[in-house]
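Engineer: Output the structure for:
(4 chains)
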Amino acid sequence: MAIKIRYFAWVREQTGRDEEELSPPDEVATVADLMAWLKGRGPEYAAAFAKPEVIRAAIDQSHVKHDAPIAEAREIAFFPPVTGG
Amino acid sequence: MAIKIRYFAWVREQTGRDEEELSPPDEVATVADLMAWLKGRGPEYAAAFAKPEVIRAAIDQSHVKHDAPIAEAREIAFFPPVTGG
Amino acid sequence: MIRIQKEDFDIGAEIARLKGERRDVGAIVSFTGVVRADNHGDAAPICAMTLEHYPGMTEAELARIEAEARARWPLVASTIIHRVGRLAPGDNIVLVITAARHRRDAFEAANFLMDYLKTSAPFWKKERDTTGAERWVEARSSDDEAANRWRCAAEGARGD
Amino acid sequence: MIRIQKEDFDIGAEIARLKGERRDVGAIVSFTGVVRADNHGDAAPICAMTLEHYPGMTEAELARIEAEARARWPLVASTIIHRVGRLAPGDNIVLVITAARHRRDAFEAANFLMDYLKTSAPFWKKERDTTGAERWVEARSSDDEAANRWRCAAEGARGD
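Structural biologist: Next comes the predicted model:
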């Protein structure tokens, strides 16, 4: 099933895109799995996700941890720690 | 030596005056002594200083405790606990 | 900056003035105290409040409190304005503004200024309620406790 | 009330709007975050800042934070306004206003809103300095610590 993937801040700059529709294979079960899978999609993704531990994720616009399952997700976002305020 | 005595809020209302010049006798050495002496000046003072423990004092416009000496004072004020802000 | 006045104050204008053309201010906190109609849960609503003060000592105490805040926190600027005279419910009473590089300093200093102002600045409030009864507002022990917590306050987390 | 906007905000007008004709508000706290030119002690001065956000999630997070503040403290009203887009030193970034009966609630809720906004609202700042260099602002561990202190915060003294 297609998931909308969104990128913000330097994750967006490094992947070179702000959003895309992707259909990861069934064995990609968690946010961490998805980052590992994205890393294999090309050098720009490899650079963006080189240190996945510093990247935050949201599923359907709510913060989640890297072990969160993505089965029901319609939209998954990746971004650095927030710096508003 | 004459001291200016000032009264605020309900202490002012009960004594019926906002300030006066008084020359207490030499044995009146502290703020507490002064309140006790004032109490004897008439029923309005007796009412104002009936509970001296609830009255606050300032010497020359700085808060002081009841055991503060008044020898050097030019101005002494009596008032209830403050309620600004 | 300290001011005692009968007139109302303009919060936005005072914040703008404090900030001015500065480029080293990252955080501005303002506190505005307002006359409540329902100051006492079970008594009749308040329709007027009169603020008396001790001219001379008021300015001295506010200056002392402001100096203490600026010694404790690295403030870039601060403002204290307190009204006196006759006020009605909804009217502004007091304005405290603190400007600092970091938010924690601005918050703590504003909080401190209000706690100390409440317990040491020589102002007294008299209320008149809708039955015509007048009473001097009594000091609250909670205000003394709030001021006392600064005496041995441990430093909290620092952010900006 | 929550707003995300490119335009500046008018602090005085927002406070006046929040207060409206209410007679049950005794305390209003505002926090304004401002772009500092000297954001980093040793680096070149900043001449521009760009704020990116996650439309949709931003509003949801701010609404969640505001709801949590209002569940924790008896607020009468609150406002959160955050700017996005390109800003310069001295420009306002964020405005938080809390109105309550008592000052402790207004102060603590404003403080909480800022701490949580800093660590959970999806905004990202990119700075450009006077050498032309651009960099994404890094999150500070002190902000996480500031947010964490609310998880097991004991109630402090209560005044009004």
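Engineer: now the residue in chain C that chain D sits nearest to, what's its secondary structure?
Structural biologist: Chain D sits closest to C:Gly12 of chain C, with a gap of 2.1 Å, by Cβ to the nearest Cβ. C-beta coordinates here come from the backbone N, C-alpha and C atoms, glycine included. The three-state assignment at C:Gly12 reads helix, by DSSP: H, G, I helix; E, B strand; the rest coil.
Engineer: Check whether it really touches D:Asp8, as I assumed.
Structural biologist: No - between C:Gly12 and D:Asp8 no contact is recorded; they are 11.7 Å apart, counting by Cβ atoms under 8 Å.
Engineer: In terms of packing, which of those two has more residues around it?
Structural biologist: Per other Cβ atoms under 10 Å in any protein chain shown, whichever of C:Gly12 and D:Asp8 has more neighbours is C:Gly12, with 18 against 12.
Engineer: Could you report the distance from the spatially closest residue to C:Ala133 that is not a sequence neighbour to chain A?
Structural biologist: In space, not counting the residues next to it along the chain, C:Ala133 is nearest to C:Ala44; the distance is 7.3 Å by Cβ to Cβ, 6 or more residues apart in numbering or on different chains. Spatial separation of C:Ala44 from chain A under the definition Cβ to the nearest Cβ, to the nearest Å is 43 Å.
Engineer: got a list of what C:Ala44 touches?
Structural biologist: Contacts of C:Ala44 were listed using Cβ atoms under 8 Å, 6 or more residues apart in numbering or on different chains, and they are C:129-131, C:133.
Engineer: farthest-separated two in those?
Structural biologist: Looking at the contacts of C:Ala44 by Cβ to Cβ, the two members farthest from one another are C:Thr130 and C:Ala133, with 8.8 Å of separation.
Engineer: Phi, psi for A:Pro43 please.
Structural biologist: Comment: the main-chain dihedrals of A:Pro43 come out as phi -60, psi -30, following degrees, to the nearest 10.
Engineer: Tell me, how many residues neighbour it?
Structural biologist: Other residues near A:Pro43 number 9, with proximity taken as other Cβ under 10 Å.
Engineer: What pLDDT is listed against it?
Structural biologist: Per-residue confidence at A:Pro43 stands at 98 (pLDDT).
Engineer: so how far is chain C from it?
Structural biologist: Computed as Cβ to the nearest Cβ, the A:Pro43 to chain C distance reads 36 Å.
Engineer: and stretch C:88-102, is it in reach of chain B?
Structural biologist: Yes - remark: stretch C:88-102 sits within contact range of chain B at C:93-94, by Cβ under 8 Å from any Cβ of the partner chain.
Engineer: hang on, the residue nearest to C:Ala133 in a helix?
Structural biologist: No - the assignment for C:Ala44 is coil, going by three-state DSSP, so no helix is present there.
Engineer: how about the residues of chain C near chain B?
Structural biologist: Within chain C, the positions lying close to chain B (Cβ under 8 Å from any Cβ) are C:33, C:51-54, C:56-57, C:60-61, C:82, C:93-94, C:114, C:117-126, C:136-139, C:143.
Engineer: Just the buried ones from those residues?
Structural biologist: Using 16 or more other Cβ atoms under 10 Å in any protein chain shown as the burial test, the residues of chain C next to chain B include C:33, C:51-54, C:57, C:60-61, C:82, C:93-94, C:114, C:117-126, C:136-137, C:139, C:143 as buried.
Engineer: The residue in chain A that chain C sits nearest to: which element?
Structural biologist: Nearest to chain C, among the residues of chain A, is A:Gly85, at 7.9 Å (Cβ to the nearest Cβ). In this structure, A:Gly85 sits in neither a helix nor a strand according to DSSP states H and E.
Engineer: so it touches D:Leu95, yeah?
Structural biologist: No - if you go by Cβ under 8 Å, A:Gly85 and D:Leu95 don't touch, sitting 10.8 Å apart.
Engineer: Identify the contacts common to these two.
Structural biologist: Common neighbours of A:Gly85 and D:Leu95, counting by Cβ under 8 Å, 6+ apart, are D:33, D:82.
Engineer: now the lengthiest helix in chain C: how far from the chain's centre is it?
Structural biologist: Using DSSP state H to assign secondary structure, the helix with the most residues in chain C is helix C:103-120. Here the centre of mass of C-alpha atoms in helix C:103-120, compared against the chain's by Cα atoms, centre = their mean, to the nearest Å, lies 8 Å away.
Engineer: now the helices: where do they sit in the chain?
Structural biologist: I went with chain A, as the question did not name one. Per DSSP H, chain A carries helices over the ranges A:9-15, A:31-39, A:43-48.
Engineer: wait, I meant chain C there
Structural biologist: When secondary structure is read from DSSP H, chain C shows helices at C:11-19, C:57-72, C:103-120, C:141-148.
Engineer: ok, back up a step: ok, the residue of chain C closest to chain D - contacts?
Structural biologist: When contacts are taken as Cβ under 8 Å, 6+ apart, C:Gly12 is in contact with D:10-13, D:15.
Engineer: Could you do A:Glu19 as well?
Structural biologist: Neighbour list for A:Glu19: A:4-7 [criterion: Cβ under 8 Å, 6+ apart].
Engineer: same deal with A:Gln61?
Structural biologist: Under the criterion of Cβ under 8 Å, 6+ apart, the contact partners of A:Gln61 comprise A:75, A:77, D:54, D:56-57, D:60.
Engineer: go with 6 Å
Structural biologist: Applying Cβ atoms under 6 Å, 6 or more residues apart in numbering or on different chains, we find A:Gln61 in contact with D:56-57, D:60.
Engineer: Quick check: chain neighbours aside, which residue is closest to it?
Structural biologist: Distance criterion Cβ to Cβ, 6+ apart; nearest residue to A:Gln61, sequence neighbours excluded, is D:Met57 at 3.7 Å.
Engineer: Please verify my assumption that the one you found contacts D:Pro122.
Structural biologist: Yes - between D:Met57 and D:Pro122 there is a contact at 5.1 Å, judged by Cβ atoms under 6 Å.
Engineer: Which strands and helices lie in contact with the longest helix of chain C?
Structural biologist: When contacts are defined as 3 or more Cβ pairs under 6 Å, 6 or more residues apart in numbering or on different chains; DSSP states H and E, helix C:103-120 sits against strand C:27-34, helix C:57-72, strand C:92-100, helix C:141-148, helix D:103-120.
Engineer: Identify the bridge partners of C:Ser78.
Structural biologist: Applying DSSP bridges to C:Ser78 yields these beta-bridge partners: C:Thr98.
Engineer: Measure how buried it is and give me the count.
Structural biologist: Using other Cβ under 10 Å as the criterion, C:Ser78 is surrounded by 24 other residues.
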